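>>> Predicted model follows, preceded by the sequence.
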Amino acid sequence: VSGGPVRIEHDGAIAVIVLDNPPVNASTARLRTGLLAALTGTAADDAVGGVVLIGAGTHLMSGSDLREFSADEVPGPQLPEVLAAIERHPRPVVAALSGATLGGGFELALACDRRIALDGGQVGLPEAGLGMIPGAGGIVRTARLVDPDRLLDLVVTARRVPVADALADGLVDEVVPDGLRRRAVAVARTASKRVLTALPARTGTPGRVEETARRLLARRGADPVVVAAVGAVLAAGALPAAAALRHERAEFTRLRRSPEAAAKRHLFFARRAAARAGRPERDHPVRTVGVIGAGTMGAGIARAFAAAGVDVVLVDRDPAVLDRARDQVGRDGAGSAARVRTGTGFDALAAADLVIEAVVEDHDVKTQVLAEAAGVVRPGVPLATNTSYLDVDALAAAVPDRGRVLGMHFMAPAHRTPVLEVVRGAATSADALDHVLSAARLLGKLPVIVGVCDGFVGNRIFSAYRYQCELLVEEGAGPREVDDALLAVGVAMGPFAVADMSGLDVAWRARRRRDATRDPRERYPQVADRLVEKGRLGQKTGGGWYAYAGGDRTPLDDPEVARIIADVRASAGVTQRRIGPDEIVDRVLTATANEAALVLAEGIAARPGDVDLLLTGGYGFPERLGGPCHWAATRPPADLAAAQQRLADATGPVFRFGDPALLR
Ligand code: NAD
């Protein structure tokens, strides 16, 4: 066989089947067709004494091509058919693993009689991260190699296992530092058949898999992926291999077709597109970062950089705040703590390759701070602002060289969130952008590049969401009812609990900034202002939308809040109505999608996937819905249009319709 993604090379009596499907040797219908033909051909050839499967590039097979999973049927021949041909092959088949051998790739290796791995690579079953379980024997065959509790953990955590560890677990037979092909050929000459499905499943320590299952289910709720994984692992131990393989495949197919898996695939492709767009043209070494402001965000940003091995100069005018920040950074260990130098003067910023300001959200304070920093830092060092809402172009005007100013919007908690919103100003230079993209890479955060508007992408859409939540409260829903309705569809935290955590003063200040320009016809929800006027700024003052009992973060219903809401409704002449959870969810999620469409129309976000990454990664929007754009784009168009109309009617004359066509 030659041409196409599979070729056969002969090494004496050993047939070396080379998989060559750039860039990452993913399993596609074409590859599987070639592989099946090569297996059938070598099985029929009496001159062949053994077979080696090896990749032409970095990987043997990195995994399945996810695009195939979006179709109702995966195009044939499907992987199980190919794996059955390996097991049926009359001669030993040796897998030569290199690079990442994940998902379908690892399942291919498991069907072989021996697994020889090149050091430095990884194996794993990442399907759970994509809303599925393995479907080509990944569970049934691994059940012959490791105890069921380990297997369940591997499947549910979707962890990548370095081959050195995989060797200790018996998942691979041998690890070689080099000479992979030579070694695999030598093994193929002497090995005998060893078909995993012909071996008994391991039973493990009695009771342990049940214990693991209980723990995982408790932690992940009734996540259908966890439930299916538990079922498939138990089936692998209890059923004959052929029946267990059928069960595994059926469960895989059911989950693959689910809306949750489609949402996860959407986010996977969105990540890839954002990573491509966020690749710096030139990588800039960022060895020292200056952070101004050591409050909630500044401390978190310092912590993130220190953990990534970057030196940090952390500046705040308040020494007590610096002490607290040092404690926080120290939670990651003495190594992290040693990387952070703190002080009240700006002079130390001269050492920085990148400066990020995270002082209070106030235009005048920020321009002052940026101007002062510009006078200290080396020429060309970018000055990034962590502002939530402020006009980055107006802030840039405060420094002589505007090209070096841009937004680097970390979301809380800054040391954990997987995404970074990078705000490119009108004057931002390519060089400054490259610095920030390089820094994001160091942090292991996915940068999403956006444009300037009030709140950028994340906070602008989140504000539209919160605005509708507040309107719903004035119309009759309680804060708890709104939070519960949204928790039930998977948001990480209810919007009112979030407001209490972040502090009501931030949004209050944002509203005050808009007072002068607000359209008088706009519906203005009053409750949040009343809460702030009463000093109820959230958790930090012991109460906001909820009450908090001394130091505890559990939100408690508060009669005072109920009275304030009742007063506001009465003075606005609103007749309270019952609002069910479906209406709440429909209204606020439609608001996020509508705002997303506006953001896309204005070119503030480049792709719907970018919006979805920011909202799921930074704001706790449910991944299982795929983000506001995916959620809306997968609704029947007539339903979405009707929901937009209801939203428009509820919002009033200032409502602007976003074009749903932009969400796909
Ligand atoms: P914070 O009040 O916790 O911290 C601000 C710090 O800045 C304080 O420690 C203060 O002492 C210091 N500061 C003020 N003026 C200074 C000056 N002239 N020189 C040096 N230090 C000065 O505020 P925060 O919540 O960390 O927010 C900081 C910024 O990050 C704001 O722009 C905010 O909008 C933004 N942000 C906040 C969040 C959040 O969830 N808290 C999320 C994303 C972005």
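Yep, that arrived.
>>> The least confident helix or strand in the chain by mean pLDDT - contacts with which helices or strands?
None of the helices or strands of the chain scores lower by mean pLDDT, DSSP states H and E than helix 504-514, at a mean of 90. Where contact means 3 or more CB pairs under 8 Å, 6 or more residues apart in numbering; DSSP states H and E, helix 504-514 is packed against helix 458-475, helix 527-533. No exception for glycine: its C-beta is placed from N, CA and C like everyone else's.
>>> which other residues reach that helix?
With contacts defined as CB atoms under 8 Å, 6 or more residues apart in numbering, helix 504-514 is touched by 361-362, 388-389, 454-455, 463, 466, 499, 528-529, 531-532, 536-538, 544-545.
>>> one more time with 10 Å
Identification of contacts with helix 504-514 by CB atoms under 10 Å, 6 or more residues apart in numbering yields 360-363, 388-391, 454-455, 459, 462-463, 466-467, 470, 496, 499, 518, 522, 524-525, 528-529, 531-533, 535-541, 544-545.
>>> List the buried residues of the helix or strand Arg215 falls within.
Counting by DSSP states H and E, the element that carries Arg215 is helix 208-220. Using 16 or more other CB atoms under 10 Å as the test for burial, helix 208-220 gives 209, 212-213, 216-217.
>>> Kindly report the same for stretch 648-664.
With burial defined by 16+ other CB under 10 Å, the residues of stretch 648-664 counted as buried are 648, 650-651, 655, 658, 660, 662-663.
>>> for stretch 580-587, same thing?
Residues of stretch 580-587 classed as buried: 581, 583-587 (neighbour count, 16+ other CB under 10 Å).
>>> and if you look at stretch 556-565?
For stretch 556-565, burial by neighbour count (16+ other CB under 10 Å) applies to 558, 561, 564-565.
>>> picking up where we left off before, near the ligand too, which of the contacts of helix 504-514?
Filtering the contacts of helix 504-514 for neighbours of the ligand using CB under 6 Å from any ligand atom leaves 360-361, 388.
>>> Which entries within those residues meet the buried criterion?
Among those, the ones that count as buried by 16+ other CB under 10 Å are 361, 388.
>>> Between the ones next to the ligand among the contacts of helix 504-514, which sits nearest His247?
Closest to His247 out of these is Ser388 (49.3 Å), distances taken as CB to CB.
>>> which residues sit in contact with the residue nearest to that closest one when sequence neighbours are not counted?
Using CB to CB, 6 or more residues apart in numbering and skipping the chain neighbours, the partner closest in space to Ser388 is Asn459 (5.2 Å). Taking CB under 10 Å, 6+ apart, we find Asn459 in contact with 387-389, 409, 411, 421, 453, 466, 506-507, 510, 614, 618-619.
>>> Now tabulate these in TSV and tack on distance to Arg402 and secondary structure.
Supplementary listing: these in TSV, determined by distance: CB to CB, whole Å; DSSP: H, G, I helix; E, B strand; the rest coil:
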residue	distance to Arg402	secondary structure
Thr387	15	coil
Ser388	21	coil
Tyr389	19	coil
His409	18	strand
Met411	25	coil
Glu421	20	strand
Cys453	18	coil
Arg466	32	helix
Val506	26	helix
Ala507	28	helix
Ala510	24	helix
Leu614	25	helix
Gly618	26	helix
Tyr619	29	helix
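>>> Among the residues you listed, which one sits closest to Asp311?
Closest to Asp311, out of all of these and judged by CB to CB, is His409, at 22.6 Å.
>>> What about the residue of the chain found nearest the ligand, how many residues nearby?
Relative to the ligand, the nearest point of the chain is Gly295 (1.8 Å; CB to the nearest ligand atom). As a burial measure, Gly295 scores 15 neighbours (other CB atoms under 10 Å).
>>> What are the buried residues along stretch 428-448?
Those would be 428-429, 432-443, 445-448, for stretch 428-448 by 16+ other CB under 10 Å.
>>> Give the closest residue to Val209 in space, chain neighbours not counted.
In space, Val209 is closest to Pro148, 4.0 Å off (CB to CB, 6+ apart).
>>> For the one you found, give its distance to Val187.
28 Å (CB to CB, to the nearest Å).
>>> still on that earlier bit, check the buried residues of stretch 648-664 and tell me the two furthest apart.
Distance extremes for those: the farthest pair is Ala650 and Leu662 at 22.1 Å, using CB to CB.
>>> Look up phi and psi at Ala244.
Per-residue torsions, Ala244: phi -70, psi -40 (degrees, to the nearest 10).
>>> Let me fix that, I meant to ask about Glu623.
Per degrees, to the nearest 10, the backbone of Glu623 is at phi -60, psi -30.
>>> now the helix ranked longest in the chain: mean pLDDT?
Counting residues, the longest helix found in the chain (DSSP state H) is helix 581-601. Mean pLDDT, computed over helix 581-601, is 98.
>>> Could you look up the SS state of Gly345?
Three-state call for Gly345 (DSSP: H, G, I helix; E, B strand; the rest coil): coil.
>>> Up against the ligand, what does the stretch 151-300 of the chain have?
By CB under 6 Å from any ligand atom, the part of the stretch 151-300 of the chain that sits against the ligand consists of 292-298.
>>> Among those residues, name the ones in strands.
Of these, the ones assigned to strands by DSSP state E are Ile292.
>>> Contacts only, for Leu53.
Counting by CB under 10 Å, 6+ apart, Leu53 has contacts 6, 15-19, 35, 38-39, 60-61, 86, 93-97, 108-109, 111-112, 184, 188.
>>> So which elements touch the helix or strand where Phe305 lies?
Per DSSP H and E: Phe305 is located in helix 296-307. Helices and strands touching helix 296-307, by 3 or more CB pairs under 10 Å, 6 or more residues apart in numbering; DSSP states H and E, are strand 288-292, strand 311-315, helix 319-330, helix 334-339, strand 340-343, strand 354-357, helix 430-443.
>>> Only C-alpha atoms, please: export it in PDB.
Output in PDB follows, covering the C-alpha atoms of helix 296-307 (Å, rounded to 0.1, in the frame of the first residue of the first chain):
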ATOM      1  CA  THR A 296      -7.900  41.400  45.400                       C
ATOM      2  CA  MET A 297      -6.700  41.400  41.700                       C
ATOM      3  CA  GLY A 298      -3.200  42.600  42.100                       C
ATOM      4  CA  ALA A 299      -2.400  39.900  44.600                       C
ATOM      5  CA  GLY A 300      -4.000  37.300  42.400                       C
ATOM      6  CA  ILE A 301      -2.000  38.500  39.400                       C
ATOM      7  CA  ALA A 302       1.200  38.400  41.400                       C
ATOM      8  CA  ARG A 303       0.400  34.900  42.600                       C
ATOM      9  CA  ALA A 304      -0.200  33.700  39.000                       C
ATOM     10  CA  PHE A 305       3.100  35.000  37.700                       C
ATOM     11  CA  ALA A 306       5.100  33.800  40.700                       C
ATOM     12  CA  ALA A 307       3.600  30.300  40.300                       C
END
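>>> State the mean pLDDT of it.
Average pLDDT, helix 296-307: 97.
>>> and if you look at stretch 118-138?
Averaged across stretch 118-138, the pLDDT comes to 97.
>>> buried set for that stretch?
Buried residues in stretch 118-138 (16+ other CB under 10 Å): 118, 121-138.
>>> what do you get for stretch 247-260?
Applying 16+ other CB under 10 Å to stretch 247-260 flags 247-249, 251-253, 255-256, 258, 260 as buried.
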